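Asks: Have a look at this prediction, sequence included:
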Amino acid sequence: MNLKLETERLLLRPLNFNDAEAMFAMDANPNVHKYLWNKPAQSIEESIKVIEYVQNQYKENNIGRFATILKETEEFIGWTGIKFVNDHVENGNTNFFDYGYRLNEPFWNKGFATEATQFWLNYGFNKMNIEKMNAYTHAKNGASNHILQKCGMEFIEQYKAEDGIQWKWWQMINPNN
C-alpha cells in the first residue's frame, strides 16, 4: 500500500518496520495502556508483530491503521485510521469498519487526535463510501470518548467485554447517504 495522506499538521502513511522503535516506545508506556487492558509492550518484537498484522490488513482489506507523523518534526506520534474488523466479534459485531487511534503521551492534549479523527471520518465516508463507521472505547477513557462525540460519532451503548471491562460503542452513519 502506497497511500500517503495529510492533514494540516499530520502526515498519514502505511506503517512500516522503520516505525517499530517509536511504536514500541509508545506501547511500552503504562499511561498509554491505562485504558488498553493495562498490558504495555515488553519487547520490540511485539511492535513488529503488530506492524505485520496491519500490513496484512492492507493486503486483505485495502485499509488499516496508519502511522501518524507530525509534519513539523517528522516524528512518529502514534497511529490512526480505519480498520475492517473481520477477525473477531466485538459487542456482537464482526465485518465492520472501525475507527481507532493511539498516540504517544507527549502528543496528548494538542488536538492531534481530533484532527486525525475528523480526517479519517471524512476519508471513510467520502473516499471509501463506508455506510457506517464504528468505534469502541474504554468506558472510563474520558478523553477518547469526548473526541469521538465532538467529531460527530453517536454513543450507542455501553457493553461489557468477555474480560469484564466496560466499553462504549460509538457509531456514525455516512452523512452523504
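Replies: Received the coordinates, thanks.

Asks: Could I get the full set of helices for this structure?
Replies: With DSSP state H, the ranges of helices along the chain come out as 20-27, 44-61, 112-126, 142-150.

Asks: what's the angle from the last one to helix 112-126?
Replies: It stands for helix 142-150. Comparing the axes of helix 142-150 and helix 112-126 via axes from the mean of the first three to the mean of the last three CA atoms, to 10 degrees yields an angle of 40 degrees.

Asks: wait, which of the helices of the chain is closest to Asn177?
Replies: Asn177 sits nearest to helix 112-126 of all those, at 8.6 Å, using CB to CB. C-beta here means a position set from N, CA and C on the backbone, and glycine is covered the same way.

Asks: pull the CA atoms of the closest one into CSV?
Replies: Extracted in CSV, the C-alpha atoms of helix 112-126 (Å, rounded to 0.1, in the frame of the first residue of the first chain):
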residue,chain,number,x,y,z
PHE,A,112,-3.8,15.8,17.1
ALA,A,113,-6.4,13.0,17.9
THR,A,114,-9.3,15.3,16.9
GLU,A,115,-7.5,16.4,13.7
ALA,A,116,-6.9,12.8,12.7
THR,A,117,-10.4,11.7,13.7
GLN,A,118,-12.1,14.4,11.6
PHE,A,119,-9.8,13.5,8.7
TRP,A,120,-10.4,9.7,8.8
LEU,A,121,-14.2,10.0,9.2
ASN,A,122,-14.3,12.3,6.2
TYR,A,123,-12.0,9.9,4.3
GLY,A,124,-14.1,6.9,5.2
PHE,A,125,-17.3,8.5,4.1
ASN,A,126,-16.2,10.5,1.1
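
Asks: which parts of it are buried?
Replies: Phe112, Ala113, Glu115, Ala116, Thr117, Phe119, Trp120, Leu121, Tyr123, Gly124, Phe125 (16 or more other CB atoms under 10 Å).

Asks: what's the pLDDT at Leu3?
Replies: pLDDT recorded at Leu3 is 83.

Asks: Next, find the distance separating it from Ile77.
Replies: Look at Leu3 and Ile77: by CB to CB, to the nearest Å, they are 18 Å apart.

Asks: How about Phe155?
Replies: 26 Å.

Asks: quick one, which of those two is more surrounded?
Replies: Regarding Phe155 and Ile77, a neighbour count based on other CB atoms under 10 Å identifies Ile77 as having more, with 25 against 13.

Asks: And for that one, nearest residue in space, chain neighbours not counted?
Replies: Spatial nearest neighbour of Ile77, chain neighbours left out: Phe107 (4.2 Å); criterion: CB to CB, 6 or more residues apart in numbering.
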